[in-house]
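Engineer: for reference, the sequence and a predicted model appear below.
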Amino acid sequence: YGIEYRLDGRPQGFNTIGEWSLDKRHYGGAYPPKNLEPPPDAANPSTKFLLAAFNEAMNNEPDWPDTNAMGTVGWRREGATDEEIAKSTLATSLVGTKWTWAGIKTFSFLAGGRLETPWGIGKWGIALRPKGLPECAKSECIYADFSSAAHHLSFELPSNFKSVRVGDGEVVAGARID
């Protein structure tokens, strides 16, 4: 099952991940975090009941592990639009730049939220509520999704970034090459 909503409370639509998403498939590689965020106010009562059951079960398990997995918000990620990029100092500074990923060339941030990597095309944008990067609480961070994996990146401009993979928390360093 997947329960999918837009943040305004409208159902997301058939076979589409929502801006708010409760889906067991999100947690195949990691435990869900405790205290999942509630659905939009207009969500169906059964959605609220199921979320309450998830949270109750996790909170009553004393050994529930810490996790780097996202909660119920942040799974639907489309590449940033040029308008979204223009509103972000960090995103604007990344367009057209090239980087290494764990020493491997070339990882490129392109316009329109398009990402080119050695592993294929991906998408990037401004990360909302990213997990695993406390530094993102103080400054903007970026998401980069490619090869069926989601990553959150924090930057030390002009030359470095740190990526944390959603789910298992694998950390990768990147360095600017142009």
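Structural biologist: Everything's here; your move. Numbering: from 1, shown residues only.
Engineer: quick check: phi and psi at residue 115.
Structural biologist: Taking degrees, to the nearest 10, you get phi -130, psi 130 for the backbone angles of residue 115.
Engineer: what's around the nearest residue to it once chain neighbours are set aside, how many residues?
Structural biologist: The spatially closest residue to residue 115, leaving aside those adjacent along the chain, is residue 122, at 3.8 Å (CB to CB, 6 or more residues apart in numbering). (C-beta placed from N, C-alpha, C; glycine too.) Neighbourhood size, residue 122 [other CB atoms under 10 Å]: 21.
Engineer: am I right that residue 122 sits in a helix?
Structural biologist: No. Going by DSSP: H, G, I helix; E, B strand; the rest coil, the assignment for residue 122 is strand, not a helix.
Engineer: just checking, it touches residue 146?
Structural biologist: Yes. The criterion here is CB atoms under 8 Å, and residue 122 meets it with residue 146 at 2.8 Å.
Engineer: between these two, what contacts are shared?
Structural biologist: The contact sets of residue 122 and residue 146 overlap at residue 115 (CB atoms under 8 Å, 6 or more residues apart in numbering).
Engineer: in the longest helix that the chain contains, what counts as buried?
Structural biologist: The single longest helix within the chain, with elements called by DSSP state H, is helix 45-59. For helix 45-59, the neighbour count (16 or more other CB atoms under 10 Å) marks 47, 51, 54, 55, 58 as buried.
Engineer: can you show me the helices along the protein?
Structural biologist: Using DSSP H, the helices found in the chain span residues 45-59, 82-86, 89-94.
Engineer: now do the shortest one: everything it contacts.
Structural biologist: Put plainly, it is helix 82-86. 91, 92, 95, 111, 112, 113, 125, 126.
Engineer: could you rerun that using 10 Å?
Structural biologist: 78-80, 91-95, 109, 111-113, 124-126 (CB atoms under 10 Å, 6 or more residues apart in numbering).
Engineer: now the strands for the protein?
Structural biologist: Here the chain has its strands, by DSSP state E, at 2-5, 20-23, 98-101, 104-109, 114-117, 120-126, 142-146, 149-156, 160-165, 171-176.
Engineer: including mean pLDDT, could those strands go into CSV?
Structural biologist: What follows is the strands of the chain, written out as CSV (pLDDT from 0 to 100):
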stretch, mean pLDDT
strand 2-5, 90
strand 20-23, 91
strand 98-101, 97
strand 104-109, 96
strand 114-117, 96
strand 120-126, 93
strand 142-146, 92
strand 149-156, 90
strand 160-165, 93
strand 171-176, 96
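Engineer: any chance of those strands in CSV, plus distance to residue 32?
Structural biologist: Output for those, formatted as CSV (distance: least, CB to CB, whole Å):
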stretch, distance to residue 32
strand 2-5, 13
strand 20-23, 9
strand 98-101, 27
strand 104-109, 29
strand 114-117, 26
strand 120-126, 23
strand 142-146, 19
strand 149-156, 14
strand 160-165, 16
strand 171-176, 21
